[in-house]
Every structure is written in C-alpha cells, then in structure tokens.
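[1] what's the 3D shape of this:
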Amino acid sequence: MTEPRVGLYLRLSREDEEEGESQSIANQREYLRQYASARGWSVAAIYTDDGYTGTNFDRPGFLRLLADVEAGRINTVLTKDLSRLGRDQIGTMYYYQIYFPQRRVRYIAVSEGIDTGMGGSGELILPFLAAANDFYTADISRKVRTALEVRKRSGRFIGAQPPMGYRKDPETPGRLIPDPETGPVIGLLFRTFLSCGSVSGTARALTAGGIPTPSQYKKGPQSRFPGLWSGTMVRRVLTNPTYAGHLTQNRARKVGYKVEKRVTLPREDWIVVPNTHQPLVSQQVFDRAQELLAVRSYAPRTGSSHLLTGLAFCGGCGSPMTYVRGRGGSCYMVCQGSRRGGCPSSHCMREDAVIETIRRQLAELAAGISRQAEPPQEQSRGEGESRAIDRWTEAAGLLYRDRAAGLLTEEEFRALLGAARRAREAAEFCRHQASVAREAARQAEALERLDRDTLTALVERVVVHHDKTLEVVFRFRRPEAG
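    You can find the predicted model right below:
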C-alpha cells in the first residue's frame, strides 16, 4: 500500500468565526494532526486560508494544495469537516466525486466520517451535507444583506472605499467628510460639465488637464491608460446625490452570493438618505446637471426628435413645449400644460419661427464677439490663457516637490495647492468660454447645420411666453459692451 503523503487543509471565514473557537485555525490544525498521528501518518504540508469564504475555490492556500496534488507531492487530503473544503455544493461535489478520484487522491472529512478510501455510508450522505453547507452560506448572505441595508437606511456609509472626493470620518464611524485633495476635483468636474454641456467633453478636459482618475486616487498610478477619463466615469459622478450631501448607496449589487460580478441598479432601487454630510456641490448645481443630462439623453418614444426637444418651456406654467403638425405641414410648438388643461394660456408658435429667432440672436452675439476680438487679438488672448494654465500647473508640481523636501508643512501645502488649483480652474474656464463663444459665432449664420449635441452645448433653455416673445438662455457669457 502506498505511504500516505498527507496534506492538511484549514479554512476559516468571517462567518465561521461566529461559531466559536471550535472552528478556529489552531483548533482545526491540532484536530487533524491528532487524527494523522493516531494512524501513524506523517504530515507533508499544511495549507491555510484564513478569512476566505467557502463559496468559491479561488483561495491561495487551496490553489497551492491543488498544485502539490498535480505534482504528486500529496496523495491524501484531510479537512476537519466537509464545509472546510467548501460551501458551494457544485464545486464541493466536483472535487469529491471527480477531481480527487481521477488523481487517486484520498479525501477525508474527519468529523463527518467521509473517506473516499473507505467508501460506505459517508458517500451516501455527502450530497445532503453539501446541500446543507450551501444553504447555510445562502442564509448567512441573506442575513448580512439585511443588516447592511438597515445601516444604509440609517445614513451610515458601509463601503470599504468612499466615493472620490470624500474620506471616512475617523471620529464618527459611517460618516463621510470632504477630502481636501480630491474634493476640489468634484467641483471642477461639475463646473466643466455645466460649462460645456457634454459628458465626453468633460472627460476630455479632465484628461487634458492631467486630473487623476478615481482609480488612480484609490490604487495609485495605472499601468494602462493612465489618467484617461471616460464618459462613464464622469456620468457616475454627475448622477451621484452623495455629492449634494445625500448619502447614496445600493447603486449596484452582486449578481449572487457566489458570483463577484456586479450589476447596476435602477435609480428607484438606490438608498438615498438626505443631508447626511457636507456637500461638495450645491443642490442647485447638482439639479442643473441632472436637467442637462436629461436634455442631452432625451429621445421621444414615438417619431423623430426635434431640434429643441427638452429645451423649450412655457413661460406661464413651466411645462415643456410639445409639437403638433398643422394642416399645411408646418410644425407648431404647443404648451404641454395647456393641452392637459393645466395652463391658462393656450399659446403656440411655429417651430421654424423659434429656430429663426435663436439664429438671429446668435448672429447678433457673433457680431458683438467679432467687434470686440479681432483675430490677432483673439489669438493672443488664447495664448495668454494657455500660458496661465501651464504656469499654474507647473506651480502645483513645484508645491508637491517642496512638500516632499520638507520645505512646506502639510497645512501650508494644502492652502497653496488649493489656491493654485483655483487659479488654474479660472484660466481653464476663461479659455473654454472663449472657445464656446467662437463656436457660436461660427455656427450663427447656418443654424440649420447645428446638430443636437452642438445646440445643447450653446443653448440652456428657451422660454416661450404667452405673447409669443422668446427668452433664450445661452450657456456662454455674452460679450461685454465697450
């Protein structure tokens, strides 16, 4: 008979710790050593996974055990009980019924009398034990989820890593406080988006500005695509009410207690607790961002979208303007509230007349811009803004160097870095405003060529009054007189 080359496998998860000392790593080790010694077996190796769940088999100790099995170093595996091997029914049955027998490895779950080398009643009860262990894990998972949901609804942050811009309050568990290093990035992101009206444009601006991504702040420099912001990253920040001071959790969940993959949950499943911590942006700024996101992503359920869909509103009741087709084929904009009886004014305007008014106002603004900024002067102004941005970026780098050299205290560094960032943000804003205004001038004489994205970048909203006058609110500053 082949001499047993015994490997002891020990495993303990956080859930198992609640069962007491009987399941401790030390207890398992001593229990199995005594069992092997009583039979005259020498222990070749001990494999330990302390703090690892049994719902999957991707555990470092278990993987080393498998490697030694494949190399022929181990031909007998001992565990205290079947649940130490695993709590996933399918995986446990695979190793017990297929993997170990194919490699002529004897497996013994000592306390339950399961021994592949002896056969007998142990094999009959194995499927029931595996199912019971699986059920135990499912029940524990359900209880943990329930307890965590109670904490979430009480306004306590339970995640391992706070969202970018915040850190955990060391004095109050479950409370978030602004991070002085990453908090300003959130404000910059919102300002950039409200200025340009584009998620992808915001991502490009942050990347061009060398702003570290959320994963860089969490994990350090990335090996792939360092500093590359995406539209998904930007949208995730813009839609998170946590930044307006309302702790928001449960935005995603695991597919199941055995599967690590996460799925995004719809907004109605989020857990939002109002006014739990200091906001990084005002409620007004956050709401405006949501309105802009809704406008840019709006698509009618039937028919084709119109150029001003989601941008035009009634000046009387604030309802959106909707569209109806006249007998002659002309399209009219009508107050949605008046069609439902909720607005006393029943005014309407032809869509082409509204578009012509916007075109004319843009042309007037373009003329003002042209008078105030001749091309050489405009080019010089742009170069000056770029130099200012480069200067403040370089200044920020020098501050990091001086802090590392011990020339600045942490308090001095934070204060000076904040001032440098604010100055750079102001220069970036001025450069962007000039760019948007130039784009408005370029498009002014040919509004019909404007696509949906360009128009929403230029126009914030159009208010149609009962006397058929229009109020057009642009997203860029009008040129100053003089």
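
[2] how long is stretch 265-285 from one end to the other?
    24 Å (CA to CA, to the nearest Å).

[3] list the buried ones in that stretch?
    Neighbour-count burial for stretch 265-285 flags 270, 272, 273, 276, 277, 279, 280, 281, 285 (criterion: 16 or more other CB atoms under 10 Å). No exception for glycine: its C-beta is placed from N, CA and C like everyone else's.

[4] ok, now which ones touch the closest residue to the fifth one other than its chain neighbours?
    Using CB to CB, 6 or more residues apart in numbering and skipping the chain neighbours, the partner closest in space to residue 277 is residue 176 (4.6 Å). Taking CB atoms under 8 Å, 6 or more residues apart in numbering, we find residue 176 in contact with 157, 162, 166, 167, 168, 169, 242, 247, 276, 277.

[5] Which parts of the stretch 101-250 of the chain are strands?
    106-109, 114-115, 166-168, 176-178, 247-249 (DSSP state E, counting those that start in this stretch).

[6] Outline the domain layout of this structure.
    Domain ranges of the chain: 6-150, 166-297, 301-482, per automatic domain parsing.

[7] Turn the strands of the stretch 101-250 of the chain into a markdown table, including distance to residue 343 and mean pLDDT.
    Below are the strands of the stretch 101-250 of the chain laid out as a markdown table (distance: least, CB to CB, whole Å; pLDDT from 0 to 100):
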| stretch | distance to residue 343 | mean pLDDT |
| --- | --- | --- |
| strand 106-109 | 75 | 90 |
| strand 114-115 | 76 | 84 |
| strand 166-168 | 42 | 91 |
| strand 176-178 | 42 | 92 |
| strand 247-249 | 34 | 87 |
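
[8] Distance of the residue nearest to residue 277 relative to residue 357?
    47 Å (CB to CB, to the nearest Å).

[9] By mean pLDDT, flag the weakest helix or strand of the protein.
    helix 121-153 (a mean of 58; mean pLDDT, DSSP states H and E).

[10] Which one of the domains of the chain has the poorest average confidence?
    When the domains of the chain are compared by mean pLDDT, domain 301-482 comes last with a mean of 69.

[11] need the contact list for residue 173.
    By CB under 8 Å, 6+ apart, the contact set of residue 173 is residue 156.

[12] In the one helix or strand residue 61 maps to, which residues are buried?
    Using DSSP states H and E, residue 61 maps to helix 60-70. Buried residues in helix 60-70, counted by 16+ other CB under 10 Å: 62, 64, 65, 66, 68, 69.

[13] can you check stretch 204-219 too?
    Per 16+ other CB under 10 Å, stretch 204-219 contains these buried residues: 204, 205, 206, 207, 209, 211, 212, 213, 214.

[14] Stretch 307-322 now?
    For stretch 307-322, by 16+ other CB under 10 Å, it's 307-316, 319-322.

[15] can you check stretch 50-63 too?
    52, 53, 54, 55, 57, 59, 62.

[16] List the contacts of the closest residue to residue 163 other than its chain neighbours.
    Closest residue in space to residue 163, ignoring its immediate chain neighbours: residue 242 at 5.6 Å, by CB to CB, 6+ apart. Shown in contact with residue 242 (CB under 8 Å, 6+ apart): 163, 166, 176, 248.

[17] And the residue lying closest to the second one once chain neighbours are set aside, how close does it get to residue 235?
    What that stands for is residue 166. Spatial nearest neighbour of residue 166, excluding adjacent residues (CB to CB, 6+ apart): residue 176 at 4.2 Å. Note on residue 176: its distance to residue 235, by CB to CB, is 21 Å.

[18] what do you get for residue 466?
    Residue 466 sits 37 Å away from residue 235, going by CB to CB.

[19] next one: residue 273
    Using CB to CB, which is the criterion applied here, residue 273 is 22 Å from residue 235.

[20] Could you identify the helix or strand that succeeds the helix or strand hosting residue 32?
    Under DSSP H and E, the secondary-structure element containing residue 32 is helix 25-38. Using DSSP H and E, the helix or strand that follows helix 25-38 in sequence is strand 43-50.

[21] Quickly run through the sheet partners of that following strand, with directions.
    strand 6-12 (parallel) (DSSP bridges).

[22] Hey, what's the angle from the partner strand to helix 60-70? Just curious.
    160 degrees (axes from the mean of the first three to the mean of the last three CA atoms, to 10 degrees).

[23] Would you mind putting the CA coordinates of strand 6-12 into PDB?
    Extracted C-alpha coordinates of strand 6-12, given in PDB (Å, rounded to 0.1, in the frame of the first residue of the first chain):
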ATOM      1  CA  VAL A   6      -0.800  13.900   3.900                       C
ATOM      2  CA  GLY A   7      -1.800  17.500   3.300                       C
ATOM      3  CA  LEU A   8      -4.000  19.200   6.000                       C
ATOM      4  CA  TYR A   9      -6.300  21.900   4.600                       C
ATOM      5  CA  LEU A  10      -7.600  24.600   7.100                       C
ATOM      6  CA  ARG A  11     -10.100  27.300   6.200                       C
ATOM      7  CA  LEU A  12     -11.900  29.900   8.300                       C
END
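
[24] What lies in contact with it?
    For strand 6-12, contacts defined as CB under 8 Å, 6+ apart pick out 23-25, 28-29, 32-33, 36, 41-52, 54, 59, 61-62, 65, 68-69, 73-74, 76-80, 84-85.

[25] Select only the buried ones of the residues you listed in ChimeraX?
    Buried members of the contacts of strand 6-12, identified by 16+ other CB under 10 Å, are gathered into one ChimeraX selection as follows:
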select :23,24,25,28,29,32,33,36,41,43,46,47,48,49,52,54,59,62,65,68,69,74,76,77,78,79,80,84,85
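
[26] how far away is residue 399 from residue 411?
    For residue 399, the distance to residue 411 equals 13 Å [CB to CB].

[27] The two - which one has more neighbours?
    For the pair residue 399 and residue 411, the greater number of neighbours falls to residue 399 (20 against 8), based on other CB atoms under 10 Å.

[28] Surely the more buried one is in contact with residue 414?
    No. Residue 399 lies out of contact with residue 414 (CB atoms under 8 Å); the separation is 9.5 Å.

[29] Would you mind measuring from residue 335 to residue 322?
    From residue 335 over to residue 322 (counting by CB to CB), the distance is 8 Å.

[30] again with residue 290
    Counting by CB to CB - residue 290 and residue 322 are separated by 21 Å.

[31] Please apply the same query to residue 99.
    With CB to CB as the criterion, residue 99 and residue 322 are 65 Å apart.

[32] Also residue 282?
    Residue 282 is 31 Å from residue 322, by CB to CB.
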